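> can't give you the sequence, but here's the structure:
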């Protein structure tokens, strides 16, 4: 019954999505994790091995504890771990650290100074505990978000009732690499103030988001605090209306501003709607958007800027199917909807964390009552990339193309781009489809190295058409193949016409193509000197573009290292053609900090400092 309802729901929602917006990406797989009890998944991150780490809590094996699930890239479980004592513990945030291990923050009733305390757990890459720490006082203190900082330590955010000015205050704790507190700060007024998310900013300070009843226009308002590197307040902002409005996620955007995810009862169409707020670097609102329907439980929990400058927002909704479902929304840079999609079954299913993966797809974590082994299970959803891994674009110049009866030529531009995070070895083929349907080969190049983010650009290619070619309509075809499997990765086509009649032959070059690897025009466009590596943007979060120039073809090695000298990414290692090159570097799976990009080309070397701030 659950499966039948899920099928009908997905068909209806797919039709809705197609009618209103763009097509959402296909689901590659879904997984549930748990046993006979209750599991809540609150946080997910792609790991450097291409798999995923997920954290929350589980009650299937005794008292509720921190629960880690480590998977491979297909979502298959590699290992699970529990952390805690005899009383309940819950993890709300997990991140992979620069040493390959993991850091998780939540709360504990088993340890610490009070009824509830911040609980920080550090593990190695296999999930074995290295150390644990508690923070707080005699009352209820709850940790919500942890991030590794550029100095190798950690920043923790949550709510504290043991200290501060009101019944609950924002609580920010900075630790060293061993979890020892360096400083702590409380922020808020006499009301209830709860921090939900924190990020280190480009200037070394911090941005903290949550909600407040101490300030603002309504019952609850979004509350944003910007601090310096020692936690001193630089400015605060509130956002919302006369009813309750909440912030649950935040990220600094590439323009230096911020994107905030939450929920609003003050605006929108229903009792509660997902709420997206974009600000400038000083917290001034640029735009706000609401998403949802007429339901009462439409909440935005997590947001990330995508590599194209837009945003991916995850949460849950009860507006569309009569029950609560995972709700995913993709917007452009202005917050306008590109597509929406829901996931779930006949019971309650919620999304709490979303991240764009290195291949341009998405990973969504939450919990499900509709599927799985127990009352509630971890729910992991993997979506494919919206962008093909490799794209080919053929652009004819001066269309429509008409070749005289005596033969002639036409020009077109070519661009091949590797949009993925993997190096491809590709074969490239051009052919023409003749009026009778047969194809005639024009060019084949094999075993070309196309690194992640790299492009092959050929402006003004010249294709000759012989006088003996029959009159009629032709199609010019371009194909890019995977060199190892001959799978078609990309293709493009355009039409041209060969005119009828009898004219003197214009040339005897047959179906020759000029400009790919021969011809004076291409050679004169080559650079004459080695250019040092550069990057933009820098600082960046999470991706940047590395640029360099080669005066002549040769072997190139481009890699990124951390400050200890460990290589964290290899971007290029092989033969590269002369010209200008741009390579994308995605630091989504790395901790905030300083990295070094090193380029070796022949006898030339260049180094560029990169600053990743999450």
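Looks like it arrived, so ask away. Note that the structure is predicted; figures quoted are calculated from it, not measured.
> give me the beta-bridge partners of residue 455?
Beta-bridge pairing for residue 455 (DSSP bridges): residue 417.
> wait, doesn't it sit right on residue 416?
Yes: judged on C-beta atoms under 8 Å, residue 455 makes contact with residue 416 at a distance of 6.6 Å. Every C-beta, even on glycine, is put in place using the N, C-alpha and C of the backbone.
> Give me the more crowded residue out of these two.
Counted by other C-beta atoms under 10 Å, residue 455 and residue 416 do not tie: residue 416 has more neighbours, with 24 against 17.
> The stretch 51-200 of the chain: strands as residue ranges?
Secondary structure of the stretch 51-200 of the chain, counting by DSSP state E, counting those that start in this stretch: strands at 52-58, 65-71, 77-83, 89-96, 102-108, 117-123, 129-135, 141-148, 154-160, 169-175, 181-187, 193-200.
> do the stretch 201-350 of the chain as well
Under DSSP E, counting those that start in this stretch, the stretch 201-350 of the chain gives strands at 206-212, 221-227, 233-239, 245-252, 258-264, 273-279, 285-291, 299-305, 311-317, 325-331, 337-343, 349-356.
> Determine the set of other helices and strands touching the fourth one.
This means strand 245-252. The contact analysis (3 or more C-beta pairs under 8 Å, 6 or more residues apart in numbering; DSSP states H and E) places strand 245-252 against strand 193-200, strand 206-212, strand 221-227, strand 258-264, strand 273-279, strand 299-305.
> what's the closest of those to residue 373?
strand 299-305 (24.0 Å; C-beta to C-beta).
> mean confidence for that closest one?
Taken as a whole, strand 299-305 carries a mean pLDDT of 96.
> partners of it in the sheet?
The pairing partners recorded for strand 299-305 under DSSP bridges are strand 311-317 (antiparallel).
> Near residue 445, how many residues? Count them for me, please.
What residue 445 shows, counting by other C-beta under 10 Å, is a neighbour count of 13.
> Checking my notes, it in a helix, right?
No: counting by DSSP: H, G, I helix; E, B strand; the rest coil, one finds residue 445 to be strand, located in no helix.
> who does it bridge with?
Beta-bridge partners for residue 445, by DSSP bridges, are residue 428.
> surely it meets residue 416?
No: the criterion here is C-beta under 8 Å, and residue 445 misses it with residue 416 at 10.7 Å.
> residues shared between the contacts of those two?
residue 428 (C-beta atoms under 8 Å, 6 or more residues apart in numbering).
> What's the per-residue pLDDT of residue 567 here?
In this model, residue 567 carries a pLDDT of 75.
> and it, what does it touch?
If you count contacts by C-beta under 8 Å, 6+ apart, residue 567 has them with 559, 560, 561.
> What's opposite the residue lying closest to residue 314 once chain neighbours are set aside in the beta bridge?
Nearest in space to residue 314, with sequence neighbours left out and distances taken as C-beta to C-beta, 6 or more residues apart in numbering, is residue 354 at 3.6 Å. Beta bridges link residue 354 to residue 364 when assigned by DSSP bridges.
> Could you count how many residues lie near residue 354?
27.
> ok so, going back, let me know which of the strands of the stretch 51-200 of the chain is the nearest to residue 469.
Among the strands of the stretch 51-200 of the chain, strand 52-58 comes nearest to residue 469, with 54.4 Å by C-beta to C-beta.
> What is that closest one packed up against?
In terms of contacts (3+ C-beta pairs under 8 Å, 6+ apart), strand 52-58 is packed against strand 39-46, strand 65-71, strand 89-96, strand 102-108, strand 362-368, strand 377-383.
> can I see the domain layout of the protein?
Residue ranges for each domain of the chain read 58-347, 390-524, 531-612, as given by automatic domain parsing.
> any idea which of those is most buried?
domain 58-347 (a mean of 21; mean count of other C-beta atoms under 10 Å).
> So residue 544: helix, strand or coil?
Recorded secondary structure, residue 544: strand (three-state DSSP).
> That one and residue 54, how far apart?
27 Å (C-beta to C-beta, to the nearest Å).
> sorry, back to before: would you turn the strands of the stretch 51-200 of the chain into CSV with distance to residue 489 and mean pLDDT?
Below are these laid out as CSV (distance: least, C-beta to C-beta, whole Å; pLDDT from 0 to 100):
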stretch, distance to residue 489, mean pLDDT
strand 52-58, 26, 97
strand 65-71, 27, 98
strand 77-83, 30, 98
strand 89-96, 30, 97
strand 102-108, 35, 98
strand 117-123, 39, 98
strand 129-135, 43, 98
strand 141-148, 36, 97
strand 154-160, 41, 97
strand 169-175, 46, 98
strand 181-187, 49, 98
strand 193-200, 36, 96
